[in-house]
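Undergrad: how does the following fold in three dimensions:
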Amino acid sequence: VGAFKITNKVAKKLEVPYALFIKKIRKAEVVYVDETELKVDGVTYHLWTFVADNEIVFVIRKSRSNSVIKEILGEKFQGVICCDGWTDYSTYSDNLQRCWAHLLREAEDLAGKYSSFAGFYEAIKGVFKKIKKLRDKPYSLKTREKWKGILELEMGQVVGQMNGYKEFRKFAEKIKNGLRYWFTCLTHLFVEPTNNNAERALREL
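TA: I've put the predicted structure just below:
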């Protein structure tokens, strides 16, 4: 009982700074968002993290839906969300950057299981290498938008070839569904191409 009272007292003291953190998160140019399952007394909850430049907000909710995203980021978040491929992100916003770390890990796993996927893995890695090189170039926004279109086309061709293999179609569909979200980091240089910021924040907890 004593521990509960102390915890409750601390929680109430933190309500104001916590709300201030959320307010700052909502004004960020980019927020890195991730979630993972968390057991609370044997019941499955979801631990969410929202990471901006100088703020990190954690919430624990039963839901994994975009209602949590709306709760923290508000109804009209103007920045970019860097995230994985969970569909609720795209139902909340069109201004996304899909995580390349997730994509490359899945591609590497498939290459380890199927020798016929090796070429696709190399092609996907090749696209990512181009992203990193292009981000370092002092190009104009117009040139970056042009390159974004070129790489979307290139990725689309890889997906088309992948569809010729039954065992790769699910992965190909995942790439295709997020095709317009893989290259946001080319036209918004303040956005990282991976969601490592959010993953690192979750890892400690």
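Undergrad: low-confidence ranges in this protein?
TA: For the chain, not a single residue meets the criterion pLDDT under 70.
Undergrad: right, and Thr187 touches Arg144 too?
TA: Yes. Assessed by C-beta atoms under 8 Å, Thr187 is found in contact with Arg144 at 5.1 Å. In this view, the C-beta of every residue, glycine as well, is placed from N, C-alpha and C.
Undergrad: which one of the two has more residues nearby?
TA: Neighbour comparison, Thr187 and Arg144: the larger count goes to Arg144, with 19 against 14 (by other C-beta atoms under 10 Å).
Undergrad: may I see the buried residues of the helix or strand that one falls within?
TA: Here Arg144, judged by DSSP states H and E, is contained in helix 141-162. Buried positions in helix 141-162, judged by neighbour count with 16 or more other C-beta atoms under 10 Å: 144, 147-148, 151-152, 155, 158-159, 162.
Undergrad: separation between Gly85 and Leu73?
TA: Plainly put, Gly85 is 18 Å away from Leu73 if you go by C-beta to C-beta, to the nearest Å.
Undergrad: output the contacting helices and strands for the longest strand along the chain.
TA: The residue-count maximum for a strand in the chain (DSSP state E) belongs to strand 30-40. Where contact means 3 or more C-beta pairs under 8 Å, 6 or more residues apart in numbering; DSSP states H and E, strand 30-40 is packed against strand 43-51, helix 66-73, strand 80-83, helix 196-204.
Undergrad: repeat that for 6 Å
TA: strand 43-51, strand 80-83, helix 196-204 (3 or more C-beta pairs under 6 Å, 6 or more residues apart in numbering; DSSP states H and E).
Undergrad: would you turn those into JSON lines with mean neighbour count?
TA: JSON lines is the format used below for those (neighbours: other C-beta atoms under 10 Å):
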{"stretch": "strand 43-51", "mean neighbour count": "18"}
{"stretch": "strand 80-83", "mean neighbour count": "26"}
{"stretch": "helix 196-204", "mean neighbour count": "16"}
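Undergrad: quick one: closest of the ones you listed to Ser93.
TA: Between Ser93 and these, the shortest gap by C-beta to C-beta is with strand 80-83, which sits at 5.6 Å.
Undergrad: could I get the buried residue list for the helix or strand encompassing Phe128?
TA: Per DSSP H and E, Phe128 falls inside helix 118-135. By neighbour count on 16+ other C-beta under 10 Å, the buried set for helix 118-135 is 120-121, 123-125, 127-128, 130-131, 134.
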